[in-house]
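# Need the 3D shape of this:
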Amino acid sequence: MPFADELINARTARSLTEAVRAASPGAEPAALRAAEQQVGPLSLRERADLLRDALLADVPGDYAELARVVRAARDGAPEFGGWLIWPVTSAVATKAVGEGTDEAFDDAMALLADLTGRLTSEFAVRLLLRHDLDRALGVVTGWTASADPDVRRLASEGTRPYLPWSIRVPALIARPGVTVPVLDALYDDESEYVRRSVANHLNDLSRDDADLVVTTAGRWLAAPAPTTGRLVRHGLRTLVKRGHPGALELLGFPPAAVDVDGPVLDRTRVPFGGSVRFTATVRNTGADEARLSIDYVVHHHKANGSQTAKTFKLTTRTLAPGESVHLSREHSFRPITTRRYHPGPHAIALQVNGVATSPAPFDLETP
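As a prediction, the model looks like this:
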């Protein structure tokens, strides 16, 4: 399996070169040919930008000419798909914005919708959203009724506030409620592919307006489809890890009267690459049955001496009045590619329905 950066490579550039030649007989895409030798040291997004700029250099003229070439390549080149679609759609959006006319803007939105099923247009549409958010959202709203699930997904995924690998659209972050009508139209979509995007979009919104997210999810749960519960749980995952009381109550975990004994660690010094085991007992001290979402939080030591918390799911339990549950978990500090560990003071706390215990400290030793 290739590394992410290698998804756009010299073969991608060659395929795009041949597609342009087929669409414009007699053309010699010199910039794209040169790009074949230049992608090596670049990141994935830098590679997409390199091929975008090469395509724009090799297809001079106005937006209409670029759109003609792209459509001709779409219709005539069997290999016109996959990761070359990212730079192609980015070139379309860049040219349309540079031309500055409503006609070019609207045609670019239509062309991106047409091409999104060949990979995705979610990265390119960001430039059009930045240029004229309200005009773009008018088109995006229409996409939510498309018969094509790829286009419906583009409506949600392309407008996510924090879409990975993409440029930011400041107005989306400044106006977090502006995309809620798009999500309202899609949360009960028949496609899991679309619904997963809606859940991730909702989770993005929780970074800036938690109350908006809880209110929106509450509306959906008031008139649910069979798939709504699962979607909402995924969309509220960050708020649950943060212990947001509204999100937890919406998912059936209201404040509970509990006594927590622990966490108790099996060691206070952990070898680098080793593990620490903790135990705890949670008892329902209330008069009513308690439904509990139980997580644990590891406070990691950072290079600058501060600590950062990461929440891990432990279990969910329902306890009768007076009932207890004994918990045990081993947490590993084996090196992984997604996290860098730093020797020094760490701690583990338990979090029950969003309420955290006092952290139990330990030291991660120097390798």
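# for whatever helix or strand H346 lives in, packing partners?
Taking DSSP states H and E as the criterion, the element that holds H346 is strand 344-352. With contacts defined as 3 or more CB pairs under 8 Å, 6 or more residues apart in numbering; DSSP states H and E, the packing partners of strand 344-352 are strand 258-265, strand 275-284, strand 290-301, strand 307-319, strand 360-364. C-betas here are computed from N, CA, C, even on glycine.
# Those strands: which one's closest to S197?
Closest to S197 of the helices and strands packed on strand 344-352, according to CB to CB: strand 307-319, at 22.5 Å.
# Neighbouring strands - and their directions - for the next helix or strand along the chain from the closest one?
Moving toward the C-terminus from strand 307-319, the next helix or strand (DSSP H and E) is strand 324-332. Take DSSP bridges as the rule and strand 324-332 pairs in its sheet with strand 275-284 (antiparallel).
# Return the set of buried residues in stretch 336-347.
Neighbour counts over stretch 336-347 (16 or more other CB atoms under 10 Å) mark Y341, H346, A347 as buried.
# closest to G322 among the residues you listed?
The closest of the buried residues of stretch 336-347, once distances to G322 are taken by CB to CB, is A347, at 30.0 Å.
# Who does the closest one form a beta bridge with?
H299, P361.
# Give me the neighbour count for E99.
Other residues within reach of E99, judged by other CB atoms under 10 Å, total 16.
# That one and E65 touch, don't they?
No - E99 is beyond contact range of E65, at 10.9 Å (criterion: CB atoms under 8 Å).
# so which of the helices and strands packed on strand 344-352 comes closest to E249?
So among those, strand 290-301 is nearest, using CB to CB, at 10.4 Å.
# Show residues contacting the strand holding H346.
By CB atoms under 8 Å, 6 or more residues apart in numbering, the residues outside strand 344-352 that reach it are 243, 256, 258, 260, 262-263, 265, 270, 276, 278, 280, 282, 292-301, 305, 307, 311, 314, 327, 331, 356-364.
# Next: stretch 169-185.
126, 129-130, 133, 137, 140-141, 144-145, 155-156, 159-161, 198, 201-202, 205, 208-209, 212, 216, 219-220.
# Of those, select the buried ones using a PyMOL command.
Of the contacts of stretch 169-185, the buried ones can be selected in PyMOL as follows, counting by 16+ other CB under 10 Å:
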select buried, resi 126+129+130+133+137+140+144+155+156+159+160+161+198+201+202+205+208+209+216+220
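# Filter the contacts of stretch 169-185 down to the ones in helices?
Judged by DSSP state H, the contacts of stretch 169-185 include 126, 129-130, 133, 137, 140-141, 155-156, 198, 201-202, 205, 212, 216, 219-220 as members of helices.
# Among the buried residues of stretch 336-347, which one lies nearest to A13?
Distances from A13 to those, taken by CB to CB, are shortest for Y341, at 38.8 Å.
# is it true that that closest one touches H300?
Yes - under the criterion of CB under 8 Å, Y341 makes contact with H300 at 7.1 Å.
# Quick one: mean pLDDT over stretch 69-80.
Computed over stretch 69-80, the mean pLDDT rounds to 92.
# typed the wrong thing, it's stretch 217-227
On average, stretch 217-227 scores 96.
# Number the chain from 538, please
Yep, numbering from 538; the last one is stretch 754-764 now.
# Just the buried residues of that stretch, please?
Buried-residue list, stretch 754-764, by 16+ other CB under 10 Å: A754, W757.
# Need the contact partners of it.
In contact with stretch 754-764 (CB under 8 Å, 6+ apart) are residues 721, 724-725, 729, 732, 739, 765-766, 768-769, 772-773, 784, 787.
# Let's see that with 10 Å instead.
If you take CB atoms under 10 Å, 6 or more residues apart in numbering as the criterion, stretch 754-764 is touched by 717, 720-721, 724-727, 729, 732, 735-736, 739, 743, 765-766, 768-770, 772-773, 776, 783-784, 786-788.
# are any of these buried, and which?
717, 720, 724-726, 732, 735-736, 739, 743, 765, 768-769, 772-773, 776, 783-784, 787-788.
# can you list the helices and strands packed on strand 881-889 in CSV and add distance to S580 and mean neighbour count?
Below are these laid out as CSV (distance: least, CB to CB, whole Å; neighbours: other CB atoms under 10 Å):
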stretch, distance to S580, mean neighbour count
strand 795-802, 40, 17
strand 812-821, 34, 19
strand 827-838, 26, 20
strand 844-856, 25, 14
strand 897-901, 31, 17
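# what is the rounded mean pLDDT of the helix or strand encompassing D721?
Using DSSP H and E, D721 sits in helix 717-723. What helix 717-723 shows for mean pLDDT is 98.
# How about stretch 890-904?
96.
# Now do the end-to-end distance for that stretch.
36 Å (CA to CA, to the nearest Å).
# How far off centre is that stretch?
28 Å (CA atoms, centre = their mean, to the nearest Å).
# cool, stretch 823-836 as well?
With CA atoms, centre = their mean, you get 28 Å for stretch 823-836.
# Run through the stretch 538-687 of the chain and note the low-pLDDT ranges.
Within the stretch 538-687 of the chain, the stretches with pLDDT under 70 are 538-539.
# same thing but 90
538-542, 562-565, 577, 614-616 (pLDDT under 90).
# in it, which spans are strands?
Here the stretch 538-687 of the chain has no strands by DSSP state E, counting those that start in this stretch.
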